[in-house]
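1. please find the sequence and the predicted model below.
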Amino acid sequence: MKRELTNAMTGRKMAGGLRKKAHLAIAAALIAISLMGCGASGEEGTKAEAAKAESSSAAPSEEAESYRIGIGQFAEHGSLDNCREGFLLGLAEEGIVEGENLTVEYDNANADGSISNQIMQSYVGADMDLICAIATPIAQSAYAVTRDTDIPVIYTAVTDPLAAELVTEDGTPVGNISGTSDKLPVREQLEMIRAILPEAKTVGILYTTSEANSESSVAEYKELAGEYGFEIYEIGIGTQADIPIAADTMIANADCITMITDNTVVASLPVILEKAGAAGIPVFGSEIEQVKLGCVAAMGLDYTELGKQTGRMAAKVLKGEASASELPYEIIEGASFYGNSKAAGDLGIELPEAYTEDGEVFDTIEG
């Protein structure tokens, strides 16, 4: 948002005719001395100095471009926190730096849809230059609230933008909104689980029924599971309060549990890990932070890199290089192996060398 500095230029008349004549005489003498001492090059220097003086007396130029953005995050957990940090890093890579030419307002909805709407309404009321929405539910709120405004929205950690109704069937943004997807590498995850648990038959998945992305992920797991000799045992929950009972049921019916990027379920990961660990059931994560907390392993995403990718998209919009409606959404490429030798060892599991030699392995459990 451009801001202009306005400084009133005031001039004062010199008092007394004699003082004015004296000043003119002194100025003439100085110019003459300068010309004699410097020759042609001195003349050029004098002209340059005169031009500089004339420029400095003119009206001041505009300040460098500065921006105000709102970052709304649906829930607080490691992967989404990494997204936010990466987003700011991506902007900084493009010269848009918080505290220099960027002002940021950050809010967390604590997994509450009504709070998500309130956050987005406050950003519209503040006439932000851009809104960043982290995770599907708050991205949907952002679109609903801004659709009749000219405020662009850039989202991240939206697994399936089509299921979230943020793009059309051909992938075109539905409005002045675009961003990045954290689509899970489901095939790679199933292949890894099979390598670690060669005798397992049933993979359990907990998900929130109100999250369109979660239903999309479960559907993909069910579609591919048979290729790896698995059956999927799924339980849908409504709120975090449902997690303890759902986890107990899951543990009684599955050989292992795999996490998806479901915000409500991920926020309750410590509860799931405690119950599963006591029953000797391994839990597999979907990204690095879940593995640090005690999941056995994951073929997961780097959410900091996803955030950076999103920040670079936002920079294009802020600089006027493209509108959000012109940018197709992007999917982060590749999956990396993350393992936790402590969590695996506690369950009598050995992580395959084929994965650990090129992956990242932690030997402690955080928290």
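-> Arrived safely, thanks for sending. Treat the numbers as computed from the prediction; the structure is a model and nothing was measured.

2. strands along this structure, start to end?
-> 67-73, 102-108, 130-134, 153-156, 177-181, 202-208, 231-237, 256-258, 283-284, 297-300, 330-331, 336-340, 360-362 (DSSP state E).

3. from residue 265, how far off is the residue lying closest to residue 350 once chain neighbours are set aside?
-> Excluding the flanking residues, the one nearest residue 350 by CB to CB, 6 or more residues apart in numbering is residue 344, at 6.8 Å. Placement of C-beta: from N, CA and C, glycine included. Distance of residue 344 to residue 265, computed by CB to CB, to the nearest Å: 22 Å.

4. more neighbours: these two, which one.
-> A side-by-side neighbour count of residue 344 and residue 265, using other CB atoms under 10 Å, places residue 265 first with 27 against 19.

5. hmm, residue 235 and that one touching each other?
-> No - counting by CB atoms under 8 Å, residue 265 does not reach residue 235; the two are 9.9 Å apart.

6. buried sites along stretch 172-184?
-> Neighbour-count burial for stretch 172-184 flags 173, 176-184 (criterion: 16 or more other CB atoms under 10 Å).

7. dump these into TSV; add pLDDT and distance to residue 129 as well.
-> Below are these laid out as TSV (pLDDT from 0 to 100; distance: CB to CB, whole Å):
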residue	pLDDT	distance to residue 129
173	98	18
176	98	12
177	98	15
178	98	16
179	98	16
180	98	19
181	96	24
182	92	25
183	91	28
184	92	32
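
8. biggest separation within the residues you listed, which pair?
-> Across those, the longest distance by CB to CB is 27.4 Å; it joins 176 and 184.

9. quick one: contacts for residue 305?
-> Shown in contact with residue 305 (CB atoms under 8 Å, 6 or more residues apart in numbering): 86, 332.

10. and it, how far is that from residue 180?
-> Residue 305 is 10 Å from residue 180, by CB to CB.

11. okay, now residue 320: neighbour count?
-> 8.

12. please tell me the pLDDT value assigned to it.
-> pLDDT recorded at residue 320 is 97.

13. backbone torsions only: list them for it.
-> The phi/psi pair for residue 320 (degrees, to the nearest 10) reads phi 80, psi 20.

14. what are the ranges of the helices in the chain?
-> Secondary structure of the chain, counting by DSSP state H: helices at 17-57, 78-93, 113-125, 136-146, 186-196, 212-225, 243-253, 263-267, 269-279, 288-293, 303-318, 341-346, 353-356.

15. what angle separates the fifth one from strand 336-340?
-> Taking axes from the mean of the first three to the mean of the last three CA atoms, to 10 degrees, helix 186-196 and strand 336-340 form an angle of 40 degrees between their directions.
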